[in-house]
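> Sharing a sequence plus its predicted fold:
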Amino acid sequence: MTLQLDPDRLFPADPATREVARGLYERVEALPIISPHGHVAPSLLLDDEPFSDPANLFITYDHYVTRLLHSAGIDLATLGVGTSAPVDPRSAWRILASNWHLFAGTASGYWLTHELSTLFGVDLEPSAETADQLFDTISRHLDTPEYRPRALFERFRIEVMATTDDPMDDLSVHKALAADSSFHGRVLPTFRPDAYLDPANPAFADKVGRLTEWAGTATDDFAGYLRALEGRRAHFVEHGAVSADHGVLHPLTVDLDETDAAALYRRAVRGELSAEESRTFAGHMLLQSARMSVNDGLVMTIHPGVYRNHSSQTFAKLGADTGHDIPLATSYTENLRPLLEKYGLEKNLHVVLFTIDETIYSREIAPLAGFYPSVFIGAPWWFIDAPDAVLRFRAAVTETAGFYRSSGFIDDTRAFLSIPARHDMARRLDAAFLARLVREGRISQSAADRIIVDLTDSQPRKVFKL
């Protein structure tokens, strides 16, 4: 069967509306990619080593792909996930190709089709019969200079790409990239302090020990701990960071007085807090992080509502980030109020609220962003950065907050080759949504022409202070 990539994909079926969408998309199709939140390792671009094989490139690091294969009974270890044991890449690729039908209608299937077609000229649908032929075709491309990471970075027209980094990272890779005159993009670190702020995290004591040792302060000195965090944030700002990312279970914020916070902290580093006390301290540190963002200007992104490592057996066998994180219900209105009461009207604060719980877009996130100048609506993320979900998102938030309280698209990916596919999808869907409003007489064509460009380019620059 032929692998088909319709030039009018994701546009409305109605011919007249489709024509409007096509024109809007053409205005932004070739604009550079602004990617202010993602998980591609910066060493990929510094080392610029050829990709090893198609399985490593398309399967091993793409949770969207591996989790769906696992749901069909396929052992994740056979795909190279979470194991240091050697895996035959051709065998892993055959597994994907033989199960291609599982991805019909999914976002990952859409992105994979885009990648195979636009990057490798593949016109055969993956299957058990075509697996080896496709593996060899892709491998031949990967052996050429045009398919090394830096060449693809330029081909993708990526202007800015953010990574996700531990607060104690020396950022030497970022420094080396910034100093390399042969590399022309911007690769920005992102401050990700979750394990340093939440006593419930198993690594909390070790992380805080390293942090306070670096700062030369006593481990149980709360004021010194705060200064150490501020010092590491300053280190990130010096190396180009524009945001601090917070992946929390619930976006609770708690405003404690200094004495109570210090007492909780001293007990936290000794491992003496109850679950509720840990939650309270983490909530206070989320509020403290907002204070720090007011002072140093780092954009505060909040990614809540994920039950990490839902499968204890899989976690024990393969470790974290192996595809078994599951969404939870989320609420912002009450949880975020202490933070917004204290800092919500500060002009230097930008807080971007993400969710995997679609029910709160119209009920909570859009109303918050529609009032507080510091609050912006994060793009659909993870399980809902998919075609129908993106259109539902636009419908849910636009009537309350308009287009200019949103963040612009966020690809949030470890799968480097999927970045252009994801951004192209978002541009097509924004064109489709705007085209419907034009055809319904709700906005003018000239307004849509401006909005599509702003959503793609100026809005992410504004929100993330680029």
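On my side now, so go ahead.

> Residue 400 and residue 367 touch, don't they?
Yes: assessed by C-beta atoms under 8 Å, residue 400 is found in contact with residue 367 at 5.9 Å. From N, CA and C alone the C-beta is placed, and that goes for glycine too.

> mind listing the strands for the chain?
With DSSP state E, the ranges of strands along the chain come out as 33-35, 158-162, 186-188, 243-246, 299-302, 306-307, 326-327, 351-353, 375-377.

> Just send these back as JSON lines, with mean neighbour count, mean pLDDT and distance to residue 76 too.
Below are these laid out as JSON lines (neighbours: other C-beta atoms under 10 Å; pLDDT from 0 to 100; distance: least, C-beta to C-beta, whole Å):
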{"stretch": "strand 33-35", "mean neighbour count": "26", "mean pLDDT": "98", "distance to residue 76": "27"}
{"stretch": "strand 158-162", "mean neighbour count": "22", "mean pLDDT": "98", "distance to residue 76": "27"}
{"stretch": "strand 186-188", "mean neighbour count": "21", "mean pLDDT": "97", "distance to residue 76": "29"}
{"stretch": "strand 243-246", "mean neighbour count": "24", "mean pLDDT": "98", "distance to residue 76": "26"}
{"stretch": "strand 299-302", "mean neighbour count": "25", "mean pLDDT": "98", "distance to residue 76": "29"}
{"stretch": "strand 306-307", "mean neighbour count": "15", "mean pLDDT": "92", "distance to residue 76": "18"}
{"stretch": "strand 326-327", "mean neighbour count": "16", "mean pLDDT": "94", "distance to residue 76": "16"}
{"stretch": "strand 351-353", "mean neighbour count": "26", "mean pLDDT": "98", "distance to residue 76": "32"}
{"stretch": "strand 375-377", "mean neighbour count": "26", "mean pLDDT": "98", "distance to residue 76": "34"}
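
> Out of these, flag the one nearest residue 425.
In terms of C-beta to C-beta, the element of those nearest to residue 425 is strand 33-35, at 12.2 Å.

> residue contacts, residue 366?
377, 396, 397, 400, 401, 405 (C-beta atoms under 8 Å, 6 or more residues apart in numbering).

> can we see that at 7 Å?
For residue 366, the contact set (C-beta atoms under 7 Å, 6 or more residues apart in numbering) comprises 377, 396, 397, 400, 401.

> if I look at residue 400 and residue 367, which residues touch both of them?
With C-beta under 7 Å, 6+ apart as the test, residue 400 and residue 367 reach no residue in common.

> just to revisit the earlier point, would you mind giving the strands of the chain as JSON lines with distance to residue 139 added?
Listed next are the strands of the chain as JSON lines, based on distance: least, C-beta to C-beta, whole Å:
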{"stretch": "strand 33-35", "distance to residue 139": "26"}
{"stretch": "strand 158-162", "distance to residue 139": "24"}
{"stretch": "strand 186-188", "distance to residue 139": "27"}
{"stretch": "strand 243-246", "distance to residue 139": "35"}
{"stretch": "strand 299-302", "distance to residue 139": "37"}
{"stretch": "strand 306-307", "distance to residue 139": "35"}
{"stretch": "strand 326-327", "distance to residue 139": "35"}
{"stretch": "strand 351-353", "distance to residue 139": "39"}
{"stretch": "strand 375-377", "distance to residue 139": "42"}
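
> looking at these, which is closest to residue 78?
When the strands of the chain are compared by C-beta to C-beta, strand 326-327 sits nearest residue 78, at 22.4 Å.

> In the sheet, which strands lie alongside that closest one, parallel or antiparallel?
Strand pairing for strand 326-327, using DSSP bridges, gives strand 306-307 (antiparallel).

> Can you read off the backbone torsions of the closest residue to residue 30 other than its chain neighbours?
Once flanking residues are discounted, residue 30 sits nearest to residue 157: 7.2 Å by C-beta to C-beta, 6 or more residues apart in numbering. With angles defined as degrees, to the nearest 10, residue 157 sits at phi 60, psi 40.

> wait, isn't residue 157 in contact with residue 32?
Yes: the criterion here is C-beta atoms under 7 Å, and residue 157 meets it with residue 32 at 4.8 Å.

> Looking at this structure, which residue reaches furthest from the middle?
Farthest-out residue of the chain from its mean C-alpha position, per C-alpha atoms, centre = their mean: residue 259, at 36.1 Å.

> Skip the chain neighbours and tell me the closest residue to residue 243.
residue 299 (4.0 Å).

> what about that neighbour, distance to residue 73?
Per C-beta to C-beta, to the nearest Å, residue 299 is found 42 Å from residue 73.

> in the least confident helix or strand in the chain by mean pLDDT, what's buried?
Every helix and strand of the chain was ranked by mean pLDDT, DSSP states H and E. The lowest is helix 312-318, at a mean of 90. Neighbour counts over helix 312-318 (16 or more other C-beta atoms under 10 Å) mark 314, 315, 318 as buried.

> With stretch 42-60 instead?
Residues of stretch 42-60 classed as buried by neighbour count (16+ other C-beta under 10 Å): 42, 44-46, 48, 51, 53-60.

> Isn't residue 376 up against residue 350?
Yes: counting by C-beta under 7 Å, residue 350 is a contact partner of residue 376 at 6.3 Å.
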